[in-house]
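Undergrad: Coordinates for the following, if possible.
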Amino acid sequence: MLAVGLKTLKNKLAEYVRLVAAGEVVLVTDRERVVAELIPPRAGRSEMAPDALLADAVRKGWITAPLIGGAVPPSGPAVAPLATILAELDQDRGNR
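TA: Numbering: from 1, shown residues only. Coordinates of the predicted model:
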């Protein structure tokens, strides 16, 4: 475990990030008071930031994971032809 001041961390950020990536824990201090802790990613954490952020949002309950898998949305019967929907929208806008 290492301790580093804010100014030193700012000046040598890449070096400390490499140490953390190698498994080292780094305590960040401001005037000898610990203000942050840099730790390696938890086991099972995705290496891709968007995947990790999405998984974290699901864990926190901000979003819900899809119940149906697959890249294609389920197909269903069309509600109405597009021309009919657009005509109804134009009519609605005309009535305002």
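Undergrad: what comes into contact with the helix or strand of the chain with the lowest mean pLDDT?
TA: Within the chain, confidence by mean pLDDT, DSSP states H and E is lowest for helix 49-59 among all helices and strands, at a mean of 84. The set of residues external to helix 49-59 that reach it, using C-beta atoms under 8 Å, 6 or more residues apart in numbering, is 41, 45-46, 63-65. C-beta coordinates here come from the backbone N, C-alpha and C atoms, glycine included.
Undergrad: Where does pLDDT dip in this structure?
TA: For the chain, the stretches with pLDDT under 70 are 68-70, 73-74.
Undergrad: tell me what the helix ranked longest in it is packed against?
TA: Counting by DSSP state H, the longest helix found in the chain is helix 82-94. Identification of packing neighbours for helix 82-94 by 3 or more C-beta pairs under 8 Å, 6 or more residues apart in numbering; DSSP states H and E yields no helix or strand.
Undergrad: Using PDB, write out every CA atom in that helix.
TA: Only the C-alpha atoms of helix 82-94 are listed here, as PDB (Å, rounded to 0.1, in the frame of the first residue of the first chain):
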ATOM      1  CA  LEU A  82     -47.600   4.900 -41.500                       C
ATOM      2  CA  ALA A  83     -49.600   7.100 -43.800                       C
ATOM      3  CA  THR A  84     -52.600   6.800 -41.600                       C
ATOM      4  CA  ILE A  85     -50.600   7.700 -38.500                       C
ATOM      5  CA  LEU A  86     -49.000  10.700 -40.200                       C
ATOM      6  CA  ALA A  87     -52.400  11.900 -41.500                       C
ATOM      7  CA  GLU A  88     -53.900  11.700 -37.900                       C
ATOM      8  CA  LEU A  89     -50.900  13.700 -36.600                       C
ATOM      9  CA  ASP A  90     -51.400  16.400 -39.200                       C
ATOM     10  CA  GLN A  91     -55.100  16.500 -38.300                       C
ATOM     11  CA  ASP A  92     -54.300  16.700 -34.600                       C
ATOM     12  CA  ARG A  93     -51.900  19.600 -35.200                       C
ATOM     13  CA  GLY A  94     -54.500  21.400 -37.300                       C
END
